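>>> What would the 3D arrangement of this be:
(one chain, ligands or ions: 2)
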Amino acid sequence: KFSWNSYYDVNDIHQFILNTTKVNPEWTELIVAGQSYEGRKILGLRINTPYENGQRETGKPVFFIESGIHAREWIAPATTTYFINQLLTSRDPDIRRLRDQFDWRIFPTVNPDGYHYSYNVDRYWRKTRSLSSNGCRGADPNRNWDYNWGQHSASSRPCDYQLYAGSKPFSEIETRTLSKYISSIDNLLFYVAFHSYASLLLLPYSDSVEHVDNYDDLVQIGQRSIEYGSRVNGEKYDGPGTAAETLYKASGGSMDWVRYALKTPLVYTYELRGSSFHWPPEKIPEQGDEVVQMMLGLADGAKELG
Ligand code: 0X9
Ligand code: ZN
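Ligands and ions are numbered 1, 2, ... in the order given. You can find the predicted model right below:
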């Protein structure tokens with residue numbers, strides 16, 4: 001039985017998503033964006049209010065959540081399934097309001113092969129699992145997107161443990177598949193990525209200290225998110241600020257591509273909490289509640305700005 005007091009392997013996470021669609025047929029749809037290198041599904045869940053006649057409402061702004069692009073950041077997928085569960089079961093009027101406001105597309109594990117490898121073989125694995133010509137495996141899927149690819153904090157050596165950017169932009173089937181799915185979405189308003197660990201809220205770009213045209217709005221909405229998150233246990237995230245200024249310059253991340261190529265208005269990366277990648281599973285609910293509040297803060301912040 002799936003719960004939020006331990007970490008699960010990717011098959012169990014997929015089973016949770018599948019089961020969620022079975023239990024909530026009027027509210028949810030399974031999204032199969034495609035397959036990973038090793039043939040696992042790139043699986044997402046759509047949550048949207050049903051119409052009375054059984055037809056789903058269209059035209060709401062889309063809120064996309066990308067989670068688990070880095071294999072070893074286990075708290076991200078765990079928190080994301082927690083979030084799904086809260087959206088669908090909570091009786092809290094604020095959370096119901098959050099649920100009803102958006103057409104949700106939520107992908108808890110966008111790097112399923114890497115996650116599986118981290119779970120079973122090498123806890124600190126970060127990359128995908130594709131095979132390079134020289135025999136080494138994997139590329140950093142958050143360096144592989146087709147915007148200023150390979151420029152900062154990116155390696156061209158396939159055997160590097162962390163930052164290999166891939167043989168070319170979108171060389172990885174996982175990033176290619178996900179980018180194609182995201183491109184197909186009309187009315188995408190929010191794109192949020194979950195990583196760990198730093199307790200940080202980051203904005204585009206990661207690659208340049210130049211500010212995007214709605215930077216002030218991004219900051220204001222992000223501040224609301226941080227403020228709401230701190231209600232849960234007083235933890236205050238740093239930021240919001242551009243990833244380039246707040247963390248380090250890094251090219252080829254999903255956030256930058258989504259902002260630049262798709263002109264998505266509101267794009268954020270959260271570095272969730274922790275003091276290592278071994279964040280105790282007993283803390284999943286607390287992190288989950290914090291994420292619920294932080295997403296509510298984004299929604300309320302955006303509403304206030306109109
Ligand atoms: O370096 C990264 O990809 C992220 N940090 S992590 O420690 N989780 O690896 C930061 C992502 C910031 N955004 C981009 N670089 N696009
Ligand atoms: Zn990460």
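>>> mind listing what the residue in the stretch 151-300 of the chain positioned nearest to ligand 1 touches?
Nearest residue of the stretch 151-300 of the chain to ligand 1 (C-beta to the nearest ligand atom) works out as residue 253 at 1.9 Å. Just so you know, the C-beta spots here come from the backbone N, C-alpha and C atoms, and that holds for glycine as well. Residues near residue 253 by C-beta atoms under 8 Å, 6 or more residues apart in numbering: 142-143, 145, 206-207, 243, 269.
>>> Among these, which are located in helices?
Cross-referencing the contacts of residue 253 against helices under DSSP state H gives residue 243.
>>> ok, which stretches of the stretch 151-300 of the chain are strands?
Ranges of strands within the stretch 151-300 of the chain are 188-196, 200-203, 238-242, 266-272, based on DSSP state E, counting those that start in this stretch.
>>> out of those, nearest to ligand 2?
Set against ligand 2 and scored by C-beta to the ion, the strands of the stretch 151-300 of the chain come closest in strand 188-196, at 3.3 Å.
>>> Packing partners of that closest one?
The contact analysis (3 or more C-beta pairs under 8 Å, 6 or more residues apart in numbering; DSSP states H and E) places strand 188-196 against strand 62-67, helix 75-89, helix 254-262, strand 266-272, helix 284-305.
>>> ok, residues contacting the first one?
Applying C-beta under 8 Å, 6+ apart, the contact partners of strand 62-67 are 76-77, 79-80, 83, 102-110, 178, 182, 185-194, 254, 295, 299.
>>> Out of these, which end up buried?
If you count burial by 16 or more other C-beta atoms under 10 Å, the buried members of the contacts of strand 62-67 come out as 76-77, 79-80, 83, 102-110, 178, 182, 188-194, 254, 295, 299.
>>> Would you mind trimming these to those in range of ligand 2?
For ligand 2, no contacts are drawn from the buried ones among the contacts of strand 62-67 by C-beta under 5 Å from the ion.
>>> Near ligand 2, which residues of the stretch 1-150 of the chain? Just list them.
Residues of the stretch 1-150 of the chain lying near ligand 2 (C-beta under 5 Å from the ion): residue 70.
>>> Where does pLDDT dip in the stretch 1-150 of the chain?
Residues of the stretch 1-150 of the chain meeting the criterion pLDDT under 70: 52-57.
>>> And the residue of it closest to ligand 1?
At 3.8 Å from ligand 1, residue 142 is the closest residue in the stretch 1-150 of the chain, using C-beta to the nearest ligand atom.
>>> and the closest residue to residue 110 other than its chain neighbours, how many residues sit next to it?
Sequence neighbours aside, residue 69 is the residue nearest to residue 110 in space, at 5.1 Å (criterion: C-beta to C-beta, 6 or more residues apart in numbering). By the criterion of other C-beta atoms under 10 Å, residue 69 has 28 neighbours.
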